[in-house]
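[1] dropping the sequence and predicted coords here.
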Amino acid sequence: MSMQVGSGQAGGGRRGRRRKRTVLMTEINVTPFVDVMLVLLIIFMVAAPLLTVGVPIDLPETQAKALEGDTEPITISVSSAGEIFIQDTAIAIDEVVPKLEAIAANGYEERIYVRGDQDADYGTMMKLMGRINAAGFKRLGLVTLEERDS
């Protein structure tokens with residue numbers, strides 16, 4: 001009655017006939033994604049300067065941080081000669097408030113940015129902003145360039 005325990009070959013020596021399992025390697029190939037992102041980056045870098053308002057203004061520089069917003073604001077520009085523009089359209093100072101009321105999608109909560117040339121008359125700027133504020137528009141901001149270190 002001799003019985004061998006733990007002979008090491010359980011199952012009758014099937015070790016050589018075992019099927020090899022194929023393991024699927026599932027990896028995400030990010031190369032096309034990176035290529036598309038780089039192309040979009042280049043497109044936006046080229047297109048961004050073209051999206052600014054077309055009135056040439058020499059803006060003053062400041063250390064203030066940029067404001068974040070979810071909608072496109074109405075931009076009013078004052079040139080060094082004292083001309084006033086809403087977006088790209090020249091307009092008289094007496095017509096600014098009626099035009100703003102007509103094009104403001106959010107009513108008196110519309111964001112209005114005033115871009116003034118650094119050589120523009122301070123009185124013209126304050127007169128314009130005073131009229132806009134007196135009409136009921138409260139979200140009024142000044143546009144400047146970020147100050148550069150010399």
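    Great, that's in hand. The shown structure was predicted, so the numbers you read here are calculated from the model rather than taken from an experiment.

[2] can you map out the strands along the chain?
    Listed in chain order, the strands of the chain (DSSP state E) span 61-62, 74-78, 84-86, 89-91, 112-116, 140-143, 145-146.

[3] what mean pLDDT does the third one have?
    Looking at strand 84-86 alone, the average pLDDT works out to 89.

[4] what lines up beside that strand in the sheet?
    The strands beside strand 84-86 in its sheet (DSSP bridges) come out as strand 74-78 (antiparallel), strand 89-91 (antiparallel).

[5] can you redo those strands as JSON lines with mean pLDDT, mean neighbour count and distance to Leu41?
    From N, CA and C alone the C-beta is placed, and that goes for glycine too. Shown next, in JSON lines, are the strands paired with strand 84-86 (pLDDT from 0 to 100; neighbours: other CB atoms under 10 Å; distance: least, CB to CB, whole Å):
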{"stretch": "strand 74-78", "mean pLDDT": "87", "mean neighbour count": "22", "distance to Leu41": "26"}
{"stretch": "strand 89-91", "mean pLDDT": "87", "mean neighbour count": "12", "distance to Leu41": "33"}
